[in-house]
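*Asks:* With the input below, show me the fold.
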Amino acid sequence: MAISRIWSIESRFKIFLVGFGVVLLLIAACDSDAPTPMSTLVIQADATVMEGLVYRTLDADWTRTPEVELLVAGAQTEGSVHITTYNQEQVDVWCTAFTAEFGIACEGRGMFGAQMMATLITERQAGAAVTDVIHLSMSQAAEVLDRGYIAEINWASLGVDAGRVWKSRGPGTAVGATQSQYTHFYNTDHFTVDQLPQKLEDWLKPEYKGKICAPDFLFRAGSGFIALSMGMDATVDLARRLIDEQDMVVTVTCDPLIVSGEKPLMFLGYGNPPALLDGNPIAQFWTGGLGVNLFSNMVASNASHPNAARLFAAWATSRDASSLSYVAIGQGWAAYGHGPEALVSGRFAELDLVYESPLNFSARSESTRVFQERMLEGQ
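*Replies:* Numbering: from 1, shown residues only. This next block holds a predicted model:
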């Protein structure tokens, strides 16, 4: 694979610094002692923020190259593969289909991110390899890449679109497999589409007072994305005003509040959750500044079944694998059409969403940390 096709954090770090510096200058220019209307603080997204838009165009399906056919034989000799993701339903549908297509036993486990990271580190330190393929969000994927836990693979030779491949500071490579996005939700018994907030500052209008809830963790993590496009000061100001002026409730139990209609608007929900959307009067909508996450598959450098692991990670970029994941957990590859209408139709590009990429994910993680600290000031 040509190195120019690999998303490298280090090779683009200087670009990031320039872009981030421009954002800081714009924020400073907007700062004054007099209150500033929030709309004037919205910053036009730069290349750093919008670079991940490229994923919307990567619609080439996985192809079974000659190298893949050789890999199949080696994988069948190994006989099995073990995958670890965030969701057991995703594991189950992927493993069932993979075994049916290649005759290779597949099993795995779904667990929370922190638990997964601890498990991978413990296995590595104990010299007891279990996981062959690891499925992680970009920030957590970078952590295992930087630890040197991931194999470096020529994914293009295995039929994978090279635009999906990225790396961090370690030698290994990750492959983008699915995407999901932050989203607002509304109760359709209480609001119509034309009554919804169109921009982030619209949430401060009087008609929404007392009608908003926000999931605790997602409110914090999602605000990290918003800060990349709107600036930290404006993001903190918005959050504080939503809580203080609009009586927004931040809670881990936001779902039942929106379903019951007690709080018919949800600020910064996430994804396409079947449990919330199916059978309930709930729909999605978006405003600019919301984040789109990239989830990637990687092969462990100490994988017990390296051929089967490579085959699985390559196959998981296919249209069929994406469809299975989207139906099961609401996360697929958007360029295949496996996502909410706004994402797959391209309307997200008009909304100035923040697409996660190797150029901005570390800045997003840092902005989430700063947002949390700022919100706790004086508490």
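*Asks:* Read off the pLDDT value for the nearest residue to Val133 once chain neighbours are set aside.
*Replies:* Closest residue in space to Val133, ignoring its immediate chain neighbours: Ile83 at 4.3 Å, by CB to CB, 6 or more residues apart in numbering. All C-beta spots, glycine's among them, are computed from the backbone N, C-alpha and C. Note for Ile83: predicted pLDDT of 96.
*Asks:* how about Ile83, phi and psi?
*Replies:* phi -120, psi 150 (degrees, to the nearest 10).
*Asks:* so who does the residue nearest to the spatial centre of the chain touch?
*Replies:* The residue lying closest to the centre of the chain (CA atoms, centre = their mean) is Asn293, at 1.7 Å. Neighbouring residues of Asn293 by CB atoms under 8 Å, 6 or more residues apart in numbering: 137-138, 179-181, 356.
*Asks:* Buried ones from the residues you listed, can you make that a PyMOL selection?
*Replies:* Those of those that count as buried under 16 or more other CB atoms under 10 Å are selected in PyMOL with:
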select buried, resi 137+138+179+180+181+356
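*Asks:* ok, back up a step: OK, contacts around the residue nearest to Val133?
*Replies:* If you count contacts by CB under 8 Å, 6+ apart, then Ile83 has 91, 94-95, 106-108, 131-135, 312 around it.
*Asks:* That one pairs with what?
*Replies:* Taking DSSP bridges as the rule, Ile83 bridges to Gly108, Val133.
*Asks:* What separation is there between it and Ser362?
*Replies:* Remark: distance between Ile83 and Ser362 (CB to CB, to the nearest Å) = 26 Å.
*Asks:* Looks to me like Val250 is in a strand.
*Replies:* Yes - with DSSP: H, G, I helix; E, B strand; the rest coil as the criterion, Val250 is located in a strand.
*Asks:* Adding secondary structure, write the contacts of Asn293 out as CSV.
*Replies:* CSV is the format used below for the contacts of Asn293 (three-state DSSP):
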residue, secondary structure
Ser137, strand
Met138, helix
Gln179, strand
Ser180, strand
Gln181, strand
Glu356, coil
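*Asks:* Quick one: the strands in the chain, in order.
*Replies:* Assigned strands in the chain, in chain order: 7-8, 80-85, 105-110, 133-137, 165-167, 174-187, 212-215, 249-251, 265-270, 282-285, 291-299, 354-355 (criterion: DSSP state E).
*Asks:* Among those, which comes closest to Leu324?
*Replies:* Closest to Leu324 of the strands of the chain is strand 174-187 (CB to CB; 10.4 Å).
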